[in-house]
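Asker: what's the 3D shape of this:
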Amino acid sequence: MFTKEDFNTLPEHYHWNYTIELLLGSEPKSFKIDPLFLVEQKELNVFLEENLWTRCIRPSNSPMAALVFFIKKRDNSLCFVQNH
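Answerer: Model (predicted):
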């Protein structure tokens, strides 16, 4: 549907100053995190490095995280999946 060149051209960036204020005394919930296999961790590091460098993503200040996992494709490459 989209070419890689289309993705590398991002729309103009606007600065938004939105925060989610937590209620007094509330704490983010902590969940068990399943470790990635070494090959998956390397693939994740490549993804993060490339997308941080191209500014498609940026570091977050949030104490919460999103689930990340990989699905093996027919050609044995890994497909990055992030659950929001």
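Asker: for the helix or strand bottoming out on mean pLDDT in the chain, the distance to its chain's centre please.
Answerer: The least trusted helix or strand in the chain, going by mean pLDDT, DSSP states H and E, turns out to be helix 4-8, with a mean of 71. Distance, stretch centre to chain centre, for helix 4-8: 18 Å (Cα atoms, centre = their mean, to the nearest Å).
Asker: buried by neighbour count: which residues of whatever helix or strand comes next after that helix qualify?
Answerer: Moving toward the C-terminus from helix 4-8, the next helix or strand (DSSP states H and E) is helix 38-53. For helix 38-53, burial by neighbour count (16 or more other Cβ atoms under 10 Å) applies to 40, 43-44, 47. Using the backbone N, CA and C atoms, a C-beta is placed for each residue, glycine as well.
Asker: could you dump the least confident helix or strand of the chain to CSV, C-alpha only?
Answerer: C-alpha atoms of helix 4-8 as CSV (Å, rounded to 0.1, in the frame of the first residue of the first chain):
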residue,chain,number,x,y,z
LYS,A,4,9.3,2.9,2.0
GLU,A,5,10.0,6.2,0.4
ASP,A,6,6.5,7.4,1.3
PHE,A,7,7.0,6.4,4.9
ASN,A,8,10.4,8.3,5.1
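Asker: who touches it?
Answerer: Counting by Cβ atoms under 8 Å, 6 or more residues apart in numbering, helix 4-8 makes contact with 54, 56, all of which sit outside it.
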